[in-house]
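Colleague: Fold the following.
(6 chains)
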Protein chains: 4
Amino acid sequence: MGRLPRKKADIERAALELFVDQGVDGTSVRDISTRSGVTEGALYRHHKTKDDLVRALFARHYAEFAELVAELRKKKLPIDEFIAELVMTFYAYYDEDPYIFHFVMLVRHKLLEEVRADEHNPVELLSRILKRAERNKEIPKQNTAITTQLLLGMVMQVPIGCYYGRIKKPLVKHAERVTQACLAVMHGGG
Amino acid sequence: MGRLPRKKADIERAALELFVDQGVDGTSVRDISTRSGVTEGALYRHHKTKDDLVRALFARHYAEFAELVAELRKKKLPIDEFIAELVMTFYAYYDEDPYIFHFVMLVRHKLLEEVRADEHNPVELLSRILKRAERNKEIPKQNTAITTQLLLGMVMQVPIGCYYGRIKKPLVKHAERVTQACLAVMHGGG
Amino acid sequence: MGRLPRKKADIERAALELFVDQGVDGTSVRDISTRSGVTEGALYRHHKTKDDLVRALFARHYAEFAELVAELRKKKLPIDEFIAELVMTFYAYYDEDPYIFHFVMLVRHKLLEEVRADEHNPVELLSRILKRAERNKEIPKQNTAITTQLLLGMVMQVPIGCYYGRIKKPLVKHAERVTQACLAVMHGGG
Amino acid sequence: MGRLPRKKADIERAALELFVDQGVDGTSVRDISTRSGVTEGALYRHHKTKDDLVRALFARHYAEFAELVAELRKKKLPIDEFIAELVMTFYAYYDEDPYIFHFVMLVRHKLLEEVRADEHNPVELLSRILKRAERNKEIPKQNTAITTQLLLGMVMQVPIGCYYGRIKKPLVKHAERVTQACLAVMHGGG
DNA sequence: AATGAATGAGATTTCATTCAT
DNA sequence: AATGAATGAAATCTCATTCAT
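Modeller: A predicted model of the protein is given here:
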C-alpha cells in the first residue's frame, strides 16, 4: 500500500475554515496549502478541482445533517416536540463545529440547486412537516410556505448572530427560546 | 446639452445583477463589460477600481434604505406599529428592485464593518428599538439580543424564499403575516 | 479606438516557428512570450487558449493553401499539367515560408479530422482528380487510393528532406523531377 | 518459478499505444498507469524516467527493424529485388503491429540523431544503396538525394493512409504496386 | 515489487488595471 | 470620454518523480 492519505483531512479542514472566514472565491488553493502545511498539488490528488473540493465538502456535511433530520422524523413526534428536538439537534450540531454550519450556509446558494428536489432538503422537509400538521389540525390553517420561511429564518439567524458575536455560546442554551418562538409563529396562524 | 451618462448607469446595473447572480469575486470586469456592452477601460473612467464600484453601489443603496428607516424613526411610533411599517417599507423596497436588496445583503458582511457603528445598521437599529421597548414595558423582559436575531431572521428569510421561487411576489402581500409573527415573538417573552 | 494589435502578429509568428522547432506540446506559452517579446497574458487576448492558437494558425494556413489549389482547379487543365502546376505551386509556397508548410504537416494529425470530409482537403481533392482522370482514360485503370498516397508521399517528403538538410533549397528547382516521378507513377498503372 | 514480468509488458504496451494516439508529450505517466492498470510508481521500477521508457521502446523496436534490414543487405541482391524485398519486409512488419511502426515514425525525429550516423538509418541506407546502384549503372544518373526522398515518401505514406482508413489492410497486398512505383521512379532518371 | 500520497517545479489561464491611440 | 491591447501578478492546475508504507 502507498502512504496513508494523512494530509487529506488537513487539507479539507483548512479549506473549510478558510472558506468560512474568507469566502470560497476569496480563498486560493495556495491559502489552503499554506494553512494545512501541504503542497498545492496534493489537493489535486484528492479532488479534481477546487470546485470539486467545495462540492465534496458540501455534499458530505449536508448529508450528515440530513441524516440527523431523517432519524428525527422516524420518531413520528407531535409537531411541537418535533420542532423542539429539531432546534436542539441543530444547535448541538452547531456547538460541536460551527464551521460546518457556516460553510453549508455559505455555499448552499450555489450548490443547493443540485439537491433542490431532494426530499432531504431541510426546507422541503420542514414544508412537508408543516403541511401535514395543518392537515392533522395540529396547527391552524395558514400559508405554510410563508411559515416555513419564518421558522427557517429564525432558526438559522441565531447561529449567524453567534458568528458575529451578538449571541453568546453555546447555542443549545437558546434552543428553548427559539423553539418557543417557532411554536408561537406556527400556532399563531395567519 | 450634456446627455445622460448612460454608460455609467449601464455598467452599474450590469455589475449589480452580476454580483447578485455570481458573487462579487465571481464576476470579472470583463463580465461586466460584456453584459453592459461597454468596454473594460470605461469602467475606470467612472470608478477608480472594481472594489470602488462595489463600495459605491453599496453606499448608494444602503444610504437609500437608511434614509427610509430614518424617516420612519422620526415618527416615534409605538413598537408594534414601528415593526409593521418597517416590514412594509422593507418589502416595498424589495418589490421595487429585488436585485438591490440581494446585493446589499450580499456585501454587507464585507462592507458593513465600515458602518458597523452606524445607527442605521438594521441589526443595531432593531436591537436599540427592542431594548427601549423593553424598558418602556411595551414588551416583556427578554434576551433582546436573541429576539433581534429572531425578528431579523424572519424578515430577511422571506425575500430569500422569494428569490428561490418558494414565495410568490409581491412581498408586500406577505408583510402583514410577517408582522404578526414578529409581534407574537416579541410579546411572547422568554 | 484602442491600441492597434501590433503584437498579435509577433505572437503568432513566434508560436509558428517554435511549434515547428520544438513541437506543440514542447512549446510553452512562456516560450512564445519570451520569443515574441510579449507578456504571457497577451496571448489570451487574441486566442482563448493555447490550443485555440494552434487551431487558428492551422485553419488560416490550411485555408490559404486550399485557396491556391481551388484556383488551380478552375483552370480545368489536363491531368499532367495539373500535377505539374500543383507541385510548382506547392514548392513555391514552401520556398516562400517553409515554417508554414512544416507547421501544417505537424498538426494535421490532430486537426485534420475536423476538415476530413472537406472537399478542400488536399488528399480528398487529389483522390477525386485521379478518379476523374481514370474515368477520362487519361491514366490507366488502377487503385487510385494507393496512387493518391504515392503521389502525396513523394510531393510531401521532399520538403521534409529539405528541412533535414538532405535536399538543397530552393524547392522549385526540384519541381520538375518530382512532377516527372508523379507522372511515371500515375501512368505506370497497377 | 519466476513468473513473467507481465506488468512491465503491460506498461510498455499501454505506453506505446498512448504515445501513438496522443503523442509522447501528450501522454502523462498517469495516463499510462490508468491504461495499463498498473500504478504510477511501478513504472519507475522498470524504467528510470519516462524519457527512458521512450528511449527503451524506440531502441528495442528500431533495433528489431534494423536487424531485418541488415539480413536483407547480406543477400547482396540487385537493386530492383532489394527494393521489392525491402517494401515487403517493411509492410509485413507494419501488418504485424501497426502501433510499433507508427511509434518509431513518431519519435525518430527526436531520437534518431543519436543513431543518425547509423548506417541502419533507413534514409541513410537507401541513399547509399541508390548511390551504389548509380555507380553500378543499375539505374541512370540522377540526383539520388531527391530519389531517396521520393521513394521514402511513397513507402512511408501508404501506411499513414492505412492509419487514416484510406488504404485497406493488409499492407503486404499493396507491396507489389508500391515496389513497381519505386522502380519506375528510380529508373525514370531525372 | 508494488502502492499511491505527496512533492516541487512549471504549465496554462485569469484578471484587475494601465496606457497608447 | 472611450477603446481594447497589453501588462504583471496571481490564480488554478498538471505532472514527472520521490518516498513512506
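Colleague: which bits of chain A sit near chain B?
Modeller: Contacts of chain A with chain B, taken as CB under 8 Å from any CB of the partner chain, map to A:23, A:25-26, A:123, A:127, A:143, A:145-146, A:148-150, A:152-158, A:160-161, A:166-167, A:174, A:176-178, A:180-181, A:184-185, A:188, A:190. For the C-beta atoms, the positions are set from N, CA and C on the backbone; glycine is no exception.
Colleague: and with 7 Å instead?
Modeller: Selection of chain A residues close to chain B by CB under 7 Å from any CB of the partner chain yields A:23, A:25-26, A:143, A:145-146, A:149-150, A:152-154, A:156-158, A:161, A:166-167, A:174, A:177-178, A:180-181, A:184-185, A:188, A:190.
Colleague: Buried by neighbour count, from the residues you listed: which ones?
Modeller: Neighbour-count burial (16 or more other CB atoms under 10 Å in any protein chain shown) is assigned, among the residues of chain A next to chain B, to A:23, A:143, A:145-146, A:149-150, A:152-154, A:156-158, A:161, A:166-167, A:174, A:177-178, A:180-181, A:184-185, A:188, A:190.
Colleague: For stretch A:174-190, give the mean pLDDT please.
Modeller: Mean pLDDT, stretch A:174-190: 92.
Colleague: Can you name the residues in contact with that stretch?
Modeller: A:80, A:83-84, A:87-88, A:91, A:139-143, A:146-147, A:150-151, A:154-155, A:158, A:167, B:143, B:146, B:150, B:177, B:180-181, B:184-185, B:188, B:190 (CB atoms under 7 Å, 6 or more residues apart in numbering or on different chains).
Colleague: how distant is the longest helix seen in chain A from the center of its chain?
Modeller: Longest helix of chain A, by residue count under DSSP state H: helix A:50-74. Relative to its parent chain, helix A:50-74 has a centroid offset of 8 Å by CA atoms, centre = their mean, to the nearest Å.
Colleague: One more: stretch A:137-148?
Modeller: Counting by CA atoms, centre = their mean, stretch A:137-148 comes out at 23 Å from the chain centroid.
Colleague: Buried residues in it, which are they?
Modeller: A:Glu138, A:Ile139, A:Gln142, A:Asn143, A:Thr144, A:Ala145, A:Ile146, A:Thr147, A:Thr148.
Colleague: of these, closest to B:Arg73?
Modeller: A:Ile146 (27.1 Å; CB to CB).
Colleague: need the contact list for the closest one.
Modeller: So A:Ile146 contacts A:Gly190, B:Val158, B:Ile167, B:His174, B:Arg177 (CB under 7 Å, 6+ apart).
Colleague: tell me, which of these make contact with DNA strand E?
Modeller: Checked against DNA strand E using CB under 7 Å from any atom of the strand, the contacts of A:Ile146 give no members in range.
Colleague: What about those residues, which are in helices?
Modeller: Counting by DSSP H, the contacts of A:Ile146 contribute B:Val158, B:Arg177 to helices.
Colleague: so how far is A:Glu138 from the residue nearest to A:Leu77 when sequence neighbours are not counted?
Modeller: Spatial nearest neighbour of A:Leu77, excluding adjacent residues (CB to CB, 6 or more residues apart in numbering or on different chains): A:Glu85 at 6.7 Å. As judged by CB to CB, to the nearest Å, A:Glu85 and A:Glu138 stand 15 Å apart.
Colleague: same thing with A:Asp97?
Modeller: Distance from A:Asp97 to A:Glu138, counting by CB to CB: 33 Å.
Colleague: And A:Arg30, by the same measure?
Modeller: Taking CB to CB, one finds A:Arg30 at 53 Å from A:Glu138.
Colleague: what's the answer for A:Asp52, then?
Modeller: Taking CB to CB, one finds A:Asp52 at 43 Å from A:Glu138.
Colleague: same check, this time on A:Lys48
Modeller: When distance is defined by CB to CB, A:Lys48 is 47 Å away from A:Glu138.
Colleague: swap in A:Val20?
Modeller: Shown here: A:Val20 relative to A:Glu138, a distance of 37 Å by CB to CB.
Colleague: And the contacts of stretch A:17-37?
Modeller: Looking at what lies outside stretch A:17-37 - CB under 7 Å, 6+ apart - the contacts are A:7, A:10-11, A:14-15, A:39-40, A:43, A:50, A:54, A:99, A:102-103, A:106-107, B:23, B:25-26.
Colleague: What residues of it count as buried?
Modeller: Quick answer for stretch A:17-37 (16+ other CB under 10 Å): A:17-20, A:23-24, A:27, A:29, A:31-33, A:35-36.
Colleague: which one among those gets closest to B:Phe65?
Modeller: A:Gly23 (23.4 Å).
Colleague: Check the burial of A:Tyr99 by counting its neighbours.
Modeller: 17 (other CB atoms under 10 Å in any protein chain shown).
Colleague: What are the structural domain limits within chain A?
Modeller: With domains defined by automatic domain parsing, chain A comprises A:1-46, A:50-188.
Colleague: which of the ones you listed sits most buried?
Modeller: domain A:50-188 (a mean of 18; mean count of other CB atoms under 10 Å in any protein chain shown).
Colleague: what residues are up against A:Asp10?
Modeller: Counting by CB under 7 Å, 6+ apart, A:Asp10 makes contact with A:Ser36, A:Gly37, A:Val38.
Colleague: element containing it, please.
Modeller: Per DSSP states H and E, A:Asp10 falls inside helix A:6-22.
Colleague: Any part of whichever helix or strand comes after that helix near DNA strand F?
Modeller: Sequence-wise, the next helix or strand downstream of helix A:6-22 (DSSP H and E) is helix A:29-36. Yes: residues of helix A:29-36 are located near DNA strand F by CB under 7 Å from any atom of the strand, namely A:Val29, A:Arg30.
Colleague: list the helices and strands whichever helix or strand comes after helix A:29-36 packs on?
Modeller: The C-terminal neighbour of helix A:29-36 among helices and strands, as given by DSSP H and E, is helix A:40-46. Counting contacts by 3 or more CB pairs under 7 Å, 6 or more residues apart in numbering or on different chains; DSSP states H and E, helix A:40-46 is packed against helix A:6-22, helix A:29-36.
Colleague: Swap in 10 Å and give it another go.
Modeller: Other helices and strands packing on helix A:40-46, by 3 or more CB pairs under 10 Å, 6 or more residues apart in numbering or on different chains; DSSP states H and E, are helix A:6-22, helix A:29-36, helix A:50-74.
Colleague: residue contacts, A:Phe58?
Modeller: Counting by CB atoms under 10 Å, 6 or more residues apart in numbering or on different chains, A:Phe58 touches A:Phe19, A:Phe103, A:Val104, A:Leu106, A:Val107, A:Arg108, A:Lys110, A:Leu111, A:Leu112, A:Glu114, A:Val115.
Colleague: Restricted to helices, list those residues.
Modeller: A:Phe19, A:Phe103, A:Val104, A:Leu106, A:Val107, A:Arg108, A:Lys110, A:Leu111.
Colleague: Let me have the residues you listed in JSON lines, extended by pLDDT.
Modeller: Output for those, formatted as JSON lines (pLDDT from 0 to 100):
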{"residue": "A:Phe19", "pLDDT": "97"}
{"residue": "A:Phe103", "pLDDT": "95"}
{"residue": "A:Val104", "pLDDT": "92"}
{"residue": "A:Leu106", "pLDDT": "90"}
{"residue": "A:Val107", "pLDDT": "91"}
{"residue": "A:Arg108", "pLDDT": "86"}
{"residue": "A:Lys110", "pLDDT": "81"}
{"residue": "A:Leu111", "pLDDT": "83"}
